[in-house]
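Peer 1: just to be clear, the model below is a prediction. Sequence and coordinates:
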Amino acid sequence: MSLTDNINNKNKEVRLIWGLSIASVVIYINLYLVQGILPLIAETFDVDISHSTLLLSVTSFAMAFSLLFYALLSDRVGRKAPLMISLYLLLLTDVLMIFVTDFLSLVLLRLLQGVLLAAVPAIAMAYFKDELSQASMLKAGGIYIAANSIGGISGRLLGGALSLHLHWQQVILVILAISIAGVLLVHYLLPNTTKLNSQEEPKARGSMFSAEDLNGFVVHLRDAKLRQIYLVGGLAFLVMVNQFSFIQLHLMSAPFSWGRFEVTLIFLCYLSGTWASYHSGRWIKRFGRRTLFRLSLLLMFLGSLMTLVDTGVFICLGFLMTAFGFFFIHSGCNAWVTHRAKRHRAKATSLYLCSYYLGAALGGPLLMPFWHHWGWEGVVLGSSLVMVLLSLVLLRLTKDEPMILSAHASNG
């Protein structure tokens, strides 16, 4: 390969990483915006603020199952087309959000958005695997997950800041403008061709989806280690994302009485997770999955307990620990799934993310009774019970992993 070809391939890899990372930021701004404007939603649509937290659960539920459809679709028609179409349709739903006048319509529209938001996370890791060298894969995955957290932080903080001065329609207009700019940039950056291998992803003639397509899901579900990874991701996200919802309600009540924007600042704790995601690939190579996954879960548990001290400082420290631990587990699981799946990679990733977002969707209703009966202490109790189950799965998942991975010991 000539020097010019090497430079062109390198530029293409950089454009792909940037394109999918920006797409991720757009997706997670739109997904998590509602978590930063809970008081504005409650006020605008005349619902209890605790009920407004269910909007995230509804969207996550729709995302969970839509991921499976996009995995099938992208393995059949390529990665870029379904990804870009979903992003442009997302812009249309943002326009429709401006005209929503009742909470039920908002719930239904968020369900539709959940379907569209699923495309990027369903396709991204398989897109990386198709286009990137093995040496670039772990780094790209870490950067992409870091972009997820940046998008999540941005959506919540933007929402909280804008809700101080703007009405619902005006907030959505600002988000729409940001999304349009992001989508156009993604369209420009993403490569026009993929290396999708027809031998690796079989295509049946005469039908959109074949038995072989569905068998791709079955192959991964028969893999005990992949099932455990899926469960780890779902349980970890159940705890983390819903803790961030309920802590807002706690901080807005006495004795804290934080304001609309102040309460969204708790999402700055995501930055510890951004840092963990970025470095996850290098640390796993150096220290091994078993050690780091277990330490990360310990950080999540200790962070949750620290919030029971119930001061602003300890709550923030606790969430910094929880975010660090969670995002390391998530980054590691995401890369592990992609590496382990030799065929039907988009399906393997979508099954992981389906479990991941089902955790988010089920966590709100699961922890709501704990919140109503015992407040924040109840949420910590419910989360701890989930983390006990998570620890059992994680111990089983990593029991055969070496303490330190060598270059030949990370085959998944």
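Peer 2: Arrived safely. Numbering: from 1, shown residues only.

Peer 1: could you give the number of residues near residue 283?
Peer 2: Here the count is done by other C-beta atoms under 10 Å, and residue 283 has 17 residues near it. The way it works is simple: take the backbone N, C-alpha and C, and place the C-beta from them, glycine included.

Peer 1: which ones are touching it?
Peer 2: Residue 283 sits next to 292, 328 when contact means C-beta atoms under 8 Å, 6 or more residues apart in numbering.

Peer 1: repeat that for 10 Å
Peer 2: Contacts for residue 283 (C-beta atoms under 10 Å, 6 or more residues apart in numbering) come out as 142, 276, 289, 291-292, 328, 331-332.

Peer 1: the residue most central in space within the chain sits in which helix or strand?
Peer 2: Centrality entry for the chain: nearest residue to the mean C-alpha point is residue 148, 6.2 Å, by C-alpha atoms, centre = their mean. When secondary structure is defined by DSSP states H and E, residue 148 falls within helix 134-163.

Peer 1: for that helix, which positions count as buried?
Peer 2: Of the residues in helix 134-163, those with enough neighbours to count as buried (16 or more other C-beta atoms under 10 Å) are 136-163.

Peer 1: what does stretch 387-394 give?
Peer 2: Neighbour-count burial for stretch 387-394, with 16+ other C-beta under 10 Å as criterion, is recorded at 387, 390-391, 393-394.

Peer 1: ok, stretch 104-114 next?
Peer 2: By neighbour count with 16+ other C-beta under 10 Å, stretch 104-114 contains the buried residues 106, 109-114.

Peer 1: ok, residue 296 touching residue 290?
Peer 2: No: in this structure residue 296 lies outside contact range of residue 290 using C-beta atoms under 10 Å: 11.1 Å.

Peer 1: where do the contact lists of these two overlap?
Peer 2: Both residue 296 and residue 290 are in contact with residue 394, where contact means C-beta under 10 Å, 6+ apart.

Peer 1: these two: which is more packed in?
Peer 2: When neighbours are counted by other C-beta under 10 Å, residue 296 comes out ahead of the other of residue 296 and residue 290, with 25 against 19.

Peer 1: show the backbone phi and psi for the more buried one.
Peer 2: The phi and psi values for residue 296, taken as degrees, to the nearest 10, are phi -70, psi -40.

Peer 1: next one: it from residue 390, what distance?
Peer 2: Relative to residue 390, residue 296 is positioned 11 Å away (C-beta to C-beta, to the nearest Å).

Peer 1: and for residue 281?
Peer 2: Counting by C-beta to C-beta, the gap from residue 281 to residue 390 is 22 Å.

Peer 1: what's the helix or strand for residue 105?
Peer 2: For residue 105, the enclosing helix or strand under DSSP H and E is helix 103-117.

Peer 1: just how off-centre is the helix or strand just after that helix within its chain?
Peer 2: On the C-terminal side of helix 103-117, the nearest following helix or strand under DSSP H and E is helix 119-131. Its chain's average C-alpha position is 14 Å from that of helix 119-131, according to C-alpha atoms, centre = their mean, to the nearest Å.

Peer 1: surely residue 245 and residue 53 touch.
Peer 2: Yes: proximity of residue 245 to residue 53 meets the contact threshold set by C-beta under 10 Å, at 4.7 Å.

Peer 1: find residues that contact each of these two.
Peer 2: Going by C-beta under 10 Å, 6+ apart, residues that sit against residue 245 and also against residue 53 are 34-35, 38, 364, 367-368, 371.

Peer 1: so which of those residues is the most crowded?
Peer 2: When neighbours are counted as other C-beta under 10 Å, the busiest of those turns out to be residue 38, with 27 neighbours.

Peer 1: near residue 362, how many other residues are there?
Peer 2: For residue 362, the tally of surrounding residues (other C-beta under 10 Å) stands at 17.

Peer 1: if you drop the residues flanking it in sequence, what lies closest to it?
Peer 2: Spatial nearest neighbour of residue 362, excluding adjacent residues (C-beta to C-beta, 6 or more residues apart in numbering): residue 238 at 6.4 Å.

Peer 1: residues touching the one you found, list them.
Peer 2: Going by C-beta under 10 Å, 6+ apart, residue 238 touches 60, 355-364, 366-367, 382-383, 386-387, 389-390.

Peer 1: for residue 354, same thing?
Peer 2: Taking C-beta under 10 Å, 6+ apart as the definition of contact, the neighbours of residue 354 are 63-68, 71, 118, 122, 217, 230, 233-234.

Peer 1: where neighbours are concerned, which of the residues you listed has the most?
Peer 2: For these, neighbours were counted by other C-beta under 10 Å; the highest total belongs to residue 122, with 31 neighbours.

Peer 1: next up, the contacts around it.
Peer 2: If a contact means C-beta under 10 Å, 6+ apart, then residue 122 has 63, 66-74, 79, 82-83, 86, 346-347, 349-351, 353-354 as its contacts.

Peer 1: one more: residue 63?
Peer 2: With C-beta under 10 Å, 6+ apart as the criterion, the residues that contact residue 63 are 27, 31, 70, 111, 113-119, 121-122, 353-354, 356-358, 360-361.

Peer 1: pull the CA atoms of stretch 161-174 into PDB?
Peer 2: Output for stretch 161-174, consisting of C-alpha atoms alone and laid out as PDB, is shown next (Å, rounded to 0.1, in the frame of the first residue of the first chain):
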ATOM      1  CA  ALA A 161     -30.200  26.500  31.400                       C
ATOM      2  CA  LEU A 162     -32.700  27.300  28.700                       C
ATOM      3  CA  SER A 163     -35.700  26.400  30.900                       C
ATOM      4  CA  LEU A 164     -34.700  29.300  33.200                       C
ATOM      5  CA  HIS A 165     -35.500  31.900  30.600                       C
ATOM      6  CA  LEU A 166     -37.500  30.200  27.800                       C
ATOM      7  CA  HIS A 167     -40.800  28.500  27.300                       C
ATOM      8  CA  TRP A 168     -41.200  24.900  26.100                       C
ATOM      9  CA  GLN A 169     -41.500  25.800  22.400                       C
ATOM     10  CA  GLN A 170     -38.400  28.100  22.500                       C
ATOM     11  CA  VAL A 171     -36.300  25.400  24.200                       C
ATOM     12  CA  ILE A 172     -37.200  22.900  21.500                       C
ATOM     13  CA  LEU A 173     -36.400  25.400  18.800                       C
ATOM     14  CA  VAL A 174     -32.900  25.800  20.200                       C
END
